[in-house]
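> Structure, please.
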Amino acid sequence: MSQKKSYPRRRFLRDATLGAAAFSIVPRHVLGKGHLAPSDRLNIAGIGAGGKGASDLAEFSKSPKANIVAFADVDDRQIGTSAKNFPKANKYRDFREMLEKERNNIDAVSVSTPDNTHAVAALAAMQLGKHVYLQKPMTHDIWEARILTQAAEKYKVVTQMGNQGGSGDGVRRTQELIASGLIGEVTSVQCWTNRPVWPQGLPTPSGTHAIPKELDWDLWLGPAKKIDFNPSYLPFNWRGWWAFGTGSLGDMACHIMDPVFRCLPIDFPTEVEASVATLWREMWNDTVNPDSCPPSSIIHLTYPRKDDPSKTISVSWYDGGLLPKRPAELLPEEAFGNWDGGVLFEGTKGKLLADCYGAKPRLLPTKLMDTTNLPRETLKRVPEGHYVQWVNACIDGYGKGVTSSPFSFAGPFTESILIGNLALRSYFIKNPNLKGWDDKYLGRKKLLWDAKNMRITNFEEANQFVKREYREGWNLTL
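You can find the predicted model right below:
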């Protein structure tokens, strides 16, 4: 000890502090795209800052690790809440300009736009190496969901679809109850919602309207076909029009059917059939507007079990006020789901009912919840919630951070849901092999789905709804 050079304590502390700083505070641009230094907060940019976009950004900001640094919205009339909540955030109209100018300042992107632009916005962010939170449904088209699933793996970013119930206790309790075998092997599932709560089944809006100066209408359209501005579509009723939205199924199935895909050994259906409500016009004319989602519908999907493909599980969907038959085990005064909807699992030994988001799962008859030896909790809960879970996962990094609805789960899930919309949109396509009255009723026949190749194999005309045509200037290329 006496032979070593003395090292003043003050100098030691100074050098040690500098050394620690050199290892823990690393500029974002040094680490590369989307990678955080341990001491950093998560810098988030929002694409879509009004309506759901505003509430999404507000939810992220509940985490002390989240920092909203920029947002883009095509309509200045919608950004008031976000502008007030995040006065220091840089504001843009075009998300592409924002991504280019902020690329070295952001780590993650939240996409809360109409369904029409989900895929192009999310892919643009992922290609810059940015983590992505994407509102449900993940995409507008089946093909887009497949592309984004592949993109998340290729660009190695943390992803989360915005189906908040996927992080809820109810879904996990439903999983535990079904996995325990209390209702036996599930053979069929009934799902329903009260949606739409916006106009559907209406004639296409017409008339000449001036575009508000606050709105970039061309950018709002995104990849969709160029049409004249009409105030009927904004700010919320776009959900009921196929060019921009995905109807009741796209809005709510990502919530209501989530426990179905978490609890059961299924991925893609092999068969789908549908029926839709029609509005009477003239007896010999089509009674459904092909531009508008139907006012109500029923969809039946058939899934082979992944653990035994010789067996199938049927999953049915009801919307627009339609409901499956109440189970006999449910007392007349007991609620059949909640206001938003519900899901009923039917097994070889019993039945289980849950509200929307998988909440309040209960065996039927409900008195069994008091008399049955229920399984203990085995699945990890998400007390921080869906939004903060994603923030934390982004900071942990790809391969380490865990989310409830990563695109590896949400992508196949979304594809499966959108096959139902394919059936709805195919309902009144005229069958060239039939003549007269029968040519209008394809939807009452069964469509066969080849998931690997994303194709209907027994009616070619239906495949136009797998992948839409993007207008010039827009593309989705990995």
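
> Can you name the element that comes right after the strand or helix carrying G250?
Taking DSSP states H and E as the criterion, G250 maps to helix 247-256. Per DSSP H and E, helix 247-256 leads on to helix 258-263 as the next helix or strand towards the C-terminus.

> Name the surrounding residues that touch the following helix or strand past that following helix.
Next helix or strand after helix 258-263 toward the C-terminus (DSSP H and E): strand 271-276. The contact list for strand 271-276 (C-beta atoms under 8 Å, 6 or more residues apart in numbering) reads 288, 294, 296-302, 419-420, 422-424, 426-427, 443-449. In this view, the C-beta of every residue, glycine as well, is placed from N, C-alpha and C.

> report the longest strand in this protein, please.
strand 308-318 (DSSP state E).

> packing partners for the next helix-or-strand element following it?
As assigned by DSSP H and E, the chain's next helix or strand after strand 308-318 is strand 341-347. With contacts defined as 3 or more C-beta pairs under 8 Å, 6 or more residues apart in numbering; DSSP states H and E, strand 341-347 has these neighbours: helix 169-179, strand 186-193, helix 247-256, helix 258-263, strand 351-355.

> In its sheet, which strands sit next to the shortest one, and in what direction?
If you go by DSSP bridges, strand 351-355 pairs up with strand 341-347 (antiparallel), strand 362-364 (antiparallel).

> Can you pull up the most central residue in the protein?
Centrality entry for the chain: nearest residue to the mean C-alpha point is K136, 2.2 Å, by C-alpha atoms, centre = their mean.

> got the angle for the longest strand of the chain vs helix 247-256?
Per axes from the mean of the first three to the mean of the last three C-alpha atoms, to 10 degrees, the angle that strand 308-318 makes with helix 247-256 is 120 degrees.

> Contacts for strand 308-318, please.
Here strand 308-318 has contacts from 186-193, 249, 253, 257, 260, 264, 266, 269-270, 296-305, 324, 420, using C-beta under 8 Å, 6+ apart.

> picking up where we left off before, buried among the contacts of strand 271-276? Make that a PyMOL selection.
A single PyMOL command selects the buried members of those (16 or more other C-beta atoms under 10 Å):
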select buried, resi 288+294+296+297+298+299+300+301+302+419+420+422+423+424+426+427+443+447+449
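
> The stretch 51-200 of the chain: helices as residue ranges?
In the stretch 51-200 of the chain, the segments counted as helices under DSSP state H, counting those that start in this stretch are 52-60, 80-85, 95-102, 118-126, 142-155, 169-179.

> End to end on stretch 341-358, go ahead and measure it.
End-to-end distance for stretch 341-358, by C-alpha to C-alpha, to the nearest Å: 10 Å.

> cool, stretch 114-121 as well?
11 Å.

> Would you mind listing where this structure has pLDDT under the threshold?
Confidence mapping of the chain against pLDDT under 70 gives the ranges 1-39, 279-288, 430-444.

> Tell me the buried residues in the lengthiest helix in it?
Looking across the chain with DSSP state H, the single longest helix is helix 407-425. Neighbour counts over helix 407-425 (16+ other C-beta under 10 Å) mark 407, 409-425 as buried.

> about what we covered before: so which of the helices and strands packed on strand 341-347 has the densest surroundings on average?
Counting by mean count of other C-beta atoms under 10 Å, helix 247-256 has the highest mean neighbour count of the helices and strands packed on strand 341-347, with a mean of 27.

> And the closest residue to P412 other than its chain neighbours, how far from A124?
Excluding the flanking residues, the one nearest P412 by C-beta to C-beta, 6 or more residues apart in numbering is D267, at 5.2 Å. For D267, the distance to A124 equals 28 Å [C-beta to C-beta, to the nearest Å].

> Of those two, which one has the most company?
A124 (20 against 14; other C-beta atoms under 10 Å).

> The closest residue to that one other than its chain neighbours and Y155: what is the separation?
Leaving aside its sequence neighbours, A124 sits nearest to L99 (C-beta to C-beta, 6+ apart; 5.8 Å). Applying C-beta to C-beta, the value for L99 to Y155 is 14 Å.

> now swap in S408 and tell me
For S408, the distance to Y155 equals 13 Å [C-beta to C-beta].

> go on, N463?
N463 is 28 Å from Y155, by C-beta to C-beta.

> Same check on S110?
17 Å.

> Also E100?
Taking C-beta to C-beta, one finds E100 at 17 Å from Y155.

> How about K130?
According to C-beta to C-beta, K130 and Y155 sit 9 Å apart.

> next one: W242
As defined by C-beta to C-beta, W242 lies at a distance of 30 Å from Y155.

> out of N463 and Y155, which sits in the busier spot?
Taking other C-beta under 10 Å, N463 and Y155 do not tie; Y155 has more neighbours (21 against 16).

> ok now do the nearest residue to that one once chain neighbours are set aside, which residues does it touch?
Spatial nearest neighbour of Y155, excluding adjacent residues (C-beta to C-beta, 6+ apart): M126 at 4.6 Å. With contacts defined as C-beta under 8 Å, 6+ apart, M126 is in contact with V132, L148, A151, A152, Y155, V157.

> Of all the helices and strands packed on strand 341-347, which one is nearest T81?
Closest approach to T81 among the helices and strands packed on strand 341-347 is made by helix 247-256 (21.3 Å; C-beta to C-beta).

> could you show me where the strands are in the stretch 351-478 of the chain, in order?
Taking DSSP state E, counting those that start in this stretch as the test, the strands found in the stretch 351-478 of the chain are 351-355, 362-364, 447-450, 455-456.

> I'd like the ones you listed laid out as TSV, including distance to W390.
Formatted as TSV, those follow (distance: least, C-beta to C-beta, whole Å):
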stretch	distance to W390
strand 351-355	24
strand 362-364	30
strand 447-450	31
strand 455-456	33
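
> These: which one's closest to Q175?
strand 351-355 (10.7 Å).

> can you put the helices and strands packed on strand 341-347 in TSV and add distance to T378?
Shown next, in TSV, are the helices and strands packed on strand 341-347 (distance: least, C-beta to C-beta, whole Å):
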stretch	distance to T378
helix 169-179	6
strand 186-193	19
helix 247-256	23
helix 258-263	13
strand 351-355	17
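
> Of those, which is nearest V382?
It is, among the helices and strands packed on strand 341-347 and with distance given as C-beta to C-beta, helix 169-179, at 8.2 Å.
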